[in-house]
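Novice: Provided below for reference: sequence and predicted model.
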Amino acid sequence: MTLAGSSTEAIEKTAPRTANPGGARRRRRRFFEFKSDIPASWSLTLGILVWVLFFGFWEFAVWQNWANDILLPGPGKVLSALHTLFTEKAFLYDVGVSVTRILLSFALACLVAVPLGILMGSFRTVEAFFNPLVSAWRYLPAPAFIPLLLMWLGAGDAQKLALLFLGVVWFLTTLIMDHTKSVPADFVRTAVTLGGNRLQVLRTVVVPAALPGILVAMRQMLAVSWTYLVIAEIIAADVGIGAMMMRAKRFLHVDQIMAGIVVIGALGLLFDFLLKKFHGIAFAYLEENVR
Amino acid sequence: MASHVKLSVNGVGKSFGHGAHRVEALRDVSFNVVQNEICVLLGPSGCGKSTLLNIVAGLQDPTAGSVVLDGKEIDGPARERGMVFQSYTSFPWLTVEQNVEYGMKLNGVPKAERQERASHFIDLVHLAKFRKTYPKNLSGGMKQRVAIARTLANRPEILLMDEPFGALDAETRWHMQEMLVEIMKSSQTTIMLVTHDIPEAIFLADKIVFLSSHPGRLKAILDLEFKKGKDIRDKEELITLDGYPECERHILAMMRAEARPQDVT
């Protein structure tokens, strides 16, 4: 009784004094709490704010004449350059060619990396055979092969596809191998004690269990593909986003170069968004409350 | 009572590594499992009970001795020896129903029979309401029930369980133990179960095979005479039975005798 009484007293004594600052402290803690969620509205506001600040700073820099107007055009000029590119310079064709290059080379890389990665992750024998090769190639920068590829395949699309393929396939294989390895061993052991043979276990357990991780790996490597695309198109190309940017450089069209960068960024975000959506739909069973 | 030997473990030994790094996990373990009994492997940690169960499953090969099921020496994993693990193994990409049908599908059981058997065992583990649910939405105990139903629906000759309730909280645990006993009464199955939980072993077992540690050797086979012929369905009934405290005290003493040398090191 006395204990309870004294503690209430203590609360009463301190409560009025700290009510206001205490409330403020609590609110601050809510936004800077380790690893805890913030309200969706706050998250959206912050996401918009960072872009507003970015464009604001850009506009400010132009207005203050921090750099030559030709070297640093404002956001408005870049936007109008983007419009001109699409309406008058057939830029859509360039974009189409670049996207085709990405998708084609990436499909080829997946065709090799998915089965190879799954087999390497499933069987130690396959891993022991291929991993020394894959690891070595992974550390060789793909652009180092550009001179060779130019001599072997010329300056056409084959050389670009080869560069994009080489830039992606080794990392993709390794990532898929790791995702396959992390399939719980007890899943496999369950299947074999239910009478599953090797092929059945691979097809009905290992692949479906690894698939969500494989799609994540593909999303990550598709982003890397864009890096190699720009390199390939800057080196030697007549069409493509990178080619347009190099043309614009020749005529000091900085606004067009920046428009190209914007388009690459937007396409990258779009692909990432689509793959993420697809992941959510294809692997809905990983979410709670899906029946 | 016609007690027909279902499975026999004959002089099984298992060592890992070579030369100076050689570790002996099991030495000359022999015992029989009779049809329709629950045989519990009990012992201190490091006694090799899980290794022994893996050998019976065919997931590991013994370095000495053999395991014989229905007169045939086992060689590798097979449908006849279905196993339930401590970790949750219900496949997340399949619904409860699809999970339970999974093993039968592997073995080419026709669709109609598959569905009928699945629904029988789903009812048996009280998951009828969750037929179309994905494991992500199930509790740990429910996931284990899916695994048990999936293995039983596949009609193994012997059901192997490696600490199947070890990851569950205490309450869920004894509910599961009672459910397992209930299942046994209705669907005559032979079970070999590994645990380090003494009350669980006494509650479930018809026979306890006690292993000593480093290396695992057969120390005692306990027939649990005090509960013979009694129809025990819940834990309250068991612990009020004559002979229960003595039995538990006896096993605790064996456990302690085994654990002591390790405590010193």
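Specialist: Perfect, thanks for sending it.
Novice: near chain A, which residues of chain B are found?
Specialist: Within chain B, the residues that sit near chain A (Cβ under 8 Å from any Cβ of the partner chain) are B:57-59, B:77-79, B:81-83, B:85, B:87, B:89, B:91-93, B:102-103, B:106-107, B:132-134, B:136-137, B:147, B:150-151, B:154, B:160. C-beta coordinates here come from the backbone N, C-alpha and C atoms, glycine included.
Novice: tell me which helix or strand the closest residue to chain B within the stretch 101-250 of chain A sits in.
Specialist: Relative to chain B, the nearest point of the stretch 101-250 of chain A is A:G195 (3.2 Å; Cβ to the nearest Cβ). Counting by DSSP states H and E, no helix or strand carries A:G195.
Novice: low-confidence stretches in chain B?
Specialist: Residues of chain B meeting the criterion pLDDT under 70: B:1-2, B:260-265.
Novice: show me where it has strands.
Specialist: Secondary structure of chain B by DSSP state E: the strands cover B:5-16, B:23-34, B:38-42, B:64-69, B:72-73, B:81-84, B:158-162, B:190-195, B:207-212, B:217-222.
Novice: any chance of those in TSV, plus mean neighbour count?
Specialist: Listed next are the strands of chain B as TSV, based on neighbours: other Cβ atoms under 10 Å in any protein chain shown:
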stretch	mean neighbour count
strand B:5-16	18
strand B:23-34	18
strand B:38-42	25
strand B:64-69	17
strand B:72-73	10
strand B:81-84	27
strand B:158-162	24
strand B:190-195	24
strand B:207-212	22
strand B:217-222	16
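Novice: in a markdown table: those, plus distance to A:I146.
Specialist: What follows is the strands of chain B, written out as a markdown table (distance: least, Cβ to Cβ, whole Å):
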| stretch | distance to A:I146 |
| --- | --- |
| strand B:5-16 | 51 |
| strand B:23-34 | 54 |
| strand B:38-42 | 63 |
| strand B:64-69 | 61 |
| strand B:72-73 | 62 |
| strand B:81-84 | 54 |
| strand B:158-162 | 55 |
| strand B:190-195 | 59 |
| strand B:207-212 | 64 |
| strand B:217-222 | 66 |
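Novice: out of those strands, which comes closest to A:P143?
Specialist: Ranking these by proximity to A:P143 (Cβ to Cβ) places strand B:5-16 first, at 47.5 Å.
Novice: and the closest one, what does it pack against?
Specialist: Here strand B:5-16 touches strand B:23-34, helix B:49-57, strand B:64-69, strand B:190-195, going by 3 or more Cβ pairs under 8 Å, 6 or more residues apart in numbering or on different chains; DSSP states H and E.
Novice: contacting residues around the first one?
Specialist: In this case it means strand B:23-34. For strand B:23-34, the external contacting residues (Cβ atoms under 8 Å, 6 or more residues apart in numbering or on different chains) are B:3-17, B:39, B:48, B:51-52, B:55, B:62, B:64-65, B:158, B:190, B:192, B:206-207, B:209, B:211, B:215-218, B:221.
Novice: can you give me the angle that strand makes with strand B:38-42?
Specialist: 160 degrees (axes from the mean of the first three to the mean of the last three Cα atoms, to 10 degrees).
Novice: which among the helices and strands packed on strand B:5-16 is found nearest to A:I261?
Specialist: Nearest of these (Cβ to Cβ): helix B:49-57, 57.5 Å.
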